[in-house]
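1. Sequence unavailable; structure follows:
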């Protein structure tokens with residue numbers, strides 16, 4: 001999705017950002033994530049993000065392996081910052097927004113703040129390649145990716161816009177499939193932290209094949 005803001009590198013993004021911890025939520029650069037905002041602290045977060053002009057929110061998952069306190073769970077060290085590119089009021093107190101992914105970030109430390117929502121000091125430099133659209137597309141094994149997707153759809157009796165899928169560029173295809181994948185937080189985090197598009201596609205294929213193998217095993221009759 002086109003954005004009014006142009007992000008050319010880490011210096012174009014704020015070093016301190018609000019973060020939205022959400023299990024299973026995966027945002028990737030240039031991907032779109034719709035969000036239904038209803039908790040007061042996150043309504044405040046959206047208001048502040050729009051007010052300060054940056055219009056960015058960091059999506060990050062709670063660390064399931066090291067959960068920490070229930071009211072303030074530990075976070076993974078890597079998330080993705082997105083810009084609010086769509087905003088609507090639902091009329092019942094909710095906001096309906098869409099984030100467009102800009103760049104991944106690494107959490108340097110969480111700040112002690114007066115806001116109800118959490119804020120972190122982050123670094124984008126480890127993911128500077130995220131600012132380059134479609135970088136590494138030629139390295140993706142598209143044939144293997146489409147084969148894994150086809151097998152998954154058949155196994156789960158699902159349909160898809162195959163014509164649209166075949167027309168999609170590799171970056172859009174890999175990232176959209178990763179974001180929509182039905183896998184758990186650990187798998188989503190692995191997809192997020194993949195060093196390049198080729199590796200992300202390989203992880204997606206591997207996880208899909210593992211899930212398909214589990215499904216076949218579960219459907220086999222027990223040995224007599």
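-> Received, thanks. Note that this is a predicted model, so its numbers are computed, not measured. Residues are numbered from 1 along each chain as shown.
2. what sits against residue 46?
-> Under the criterion of CB atoms under 8 Å, 6 or more residues apart in numbering, the neighbours of residue 46 are 37, 57, 84, 87, 95, 97. Every C-beta, even on glycine, is put in place using the N, C-alpha and C of the backbone.
3. Among those residues, which are located in strands?
-> Secondary structure defined by DSSP state E assigns 37, 57, 84, 87, 95, 97 of the contacts of residue 46 to strands.
4. picking up where we left off before, buried ones from the contacts of residue 46, can you make that a ChimeraX selection?
-> Only the buried entries of those go into this ChimeraX selection, using 16 or more other CB atoms under 10 Å:
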select :37,57,84,95,97
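5. between the contacts of residue 46, which is nearest residue 112?
-> For the contacts of residue 46, the minimum distance to residue 112 (CB to CB) is 19.5 Å, reached by residue 57.
6. was I right about that closest one contacting residue 49?
-> Yes - here residue 57 reaches residue 49: they are 5.7 Å apart, a contact under CB atoms under 8 Å.
7. Overlap in contacts, the two.
-> Between them, residue 57 and residue 49 share these contacting residues under CB under 8 Å, 6+ apart: 18, 84.
8. Helix, strand, or coil at residue 153?
-> The three-state assignment at residue 153 reads helix, by DSSP: H, G, I helix; E, B strand; the rest coil.
9. Look up how far residue 175 lies from it.
-> As defined by CB to CB, to the nearest Å, residue 153 lies at a distance of 18 Å from residue 175.
10. Kindly report the same for residue 162.
-> From residue 162 across to residue 175, the span is 18 Å (CB to CB).
11. ok, those two, which is more surrounded?
-> Shown here are residue 162 and residue 175; by other CB atoms under 10 Å, residue 175 has more neighbours (25 against 12).
12. Pretty sure the more buried one sits in a strand.
-> No - the assignment for residue 175 is helix, going by three-state DSSP, so no strand is present there.
13. ok so, going back, mind putting the contacts of residue 46 in a markdown table, pLDDT and distance to residue 187 included?
-> Output for these, formatted as a markdown table (pLDDT from 0 to 100; distance: CB to CB, whole Å):
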| residue | pLDDT | distance to residue 187 |
| --- | --- | --- |
| 37 | 98 | 25 |
| 57 | 98 | 23 |
| 84 | 98 | 27 |
| 87 | 97 | 30 |
| 95 | 98 | 29 |
| 97 | 98 | 25 |
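14. Tell me the one of the contacts of residue 46 nearest residue 199?
-> residue 57 (25.9 Å).
15. Kindly state the beta-bridge partners for the closest one.
-> For residue 57, the beta-bridge partners under DSSP bridges are residue 82.
16. dump the residue contacts of it.
-> Residue 57 is in contact with 17, 18, 19, 20, 45, 46, 49, 81, 82, 84, 99, counting by CB under 8 Å, 6+ apart.
17. The last one in helix, strand or coil?
-> Same thing as residue 99. Going by three-state DSSP: residue 99 is strand.
18. show me what contacts it?
-> By CB under 8 Å, 6+ apart, the contact set of residue 99 is 27, 32, 33, 35, 57, 59, 82, 83, 84, 85.
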